[in-house]
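>>> Fold the following, please.
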Amino acid sequence: MEAHAHEQVQLHQRGAGVATRTILQVGALAGVAAGLMYAGWQMVVAAIAQQPTAVPGIHQTLWTPPEGIWSVVFGVHHFHGSFHFIPLFGGVVAHLGNALIVGILGVFILTAILGRRPNPAAAAVLGAAYGIAVDAILLLVVINTQKIHTLYSAAPHWSWWVGHTIFGVTLGVLSSVLLRRNNATQADVSLAAS
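Have a look, this model is predicted:
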């Protein structure tokens, strides 16, 4: 009897480890994919809008959103309206790193609320709400700490809300698909092992 209980505990711990690993993998993949969608949106909107930024003489371009990210840490002199490799590359890497972390957290929240096989429509709605919440926190905690708002002015203000909604919906739908596929694969493996 005691051996059976010990086996049950080991199976439960192994299952929890697999679930955690799955959430990390799905969150990382879905987060980076959603981050790419979001970055593409912001860059295209900025290129079309070409509105003035918070820095005199610099208008929004394809390059201002990633350079705005880089300028949060390294200063306004890294914010340009034209292509500069280091601020552009650094901004993209920082953005995708943040998207990965926010994606993992989002998938953890999504699975805690919707379960390990979330419905794609419910995941999209919860993802959109999560993306908007991330935008609100980003605005309050990061962007508004800059003396010169290079990041917030790098694209039209309204596009931030739309972009984070795109991020959240992409995160929700993609994670739902990946989680459902992963759970179906695990069920097939369990059936084959029995």
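>>> which is the next helix or strand following the worst-scoring helix or strand of the chain on mean pLDDT?
Within the chain, no helix or strand scores below helix 2-49, which has a mean of 79 by mean pLDDT, DSSP states H and E. On the C-terminal side of helix 2-49, the nearest following helix or strand under DSSP states H and E is helix 64-74.
>>> Nearest the middle, which residue of this protein would you pick?
The chain has residue 99 as the residue nearest its centroid, 3.3 Å off, counting by C-alpha atoms, centre = their mean.
>>> Show the average pLDDT along the one helix or strand that one maps to.
Residue 99 belongs to helix 85-114 when assigned by DSSP H and E. In this model, helix 85-114 carries a mean pLDDT of 96.
>>> If I take it and helix 64-74, what angle do their directions form?
Going by axes from the mean of the first three to the mean of the last three C-alpha atoms, to 10 degrees, helix 85-114 is angled at 90 degrees with respect to helix 64-74.
>>> So what touches the following helix or strand past helix 85-114?
Going down the chain from helix 85-114, the next helix or strand is helix 120-141, by DSSP H and E. Counting contacts by C-beta atoms under 8 Å, 6 or more residues apart in numbering, the residues outside helix 120-141 that touch it are 102, 106, 109-110, 113-114, 118, 152, 160-161, 163-173, 175-177, 180. C-betas here are computed from N, CA, C, even on glycine.
>>> ok, back up a step: ok, for the residue nearest to the centre of the chain, nearest residue in space, not its chain neighbours?
Once flanking residues are discounted, residue 99 sits nearest to residue 35: 2.5 Å by C-beta to C-beta, 6 or more residues apart in numbering.
>>> What is the helix holding residue 99 packed up against?
helix 2-49, helix 64-74, helix 120-141, helix 157-193 (3 or more C-beta pairs under 8 Å, 6 or more residues apart in numbering; DSSP states H and E).
>>> Spatially nearest residue to residue 28, not counting backbone neighbours?
Closest to residue 28 by C-beta to C-beta, 6+ apart is residue 100, at 5.2 Å.
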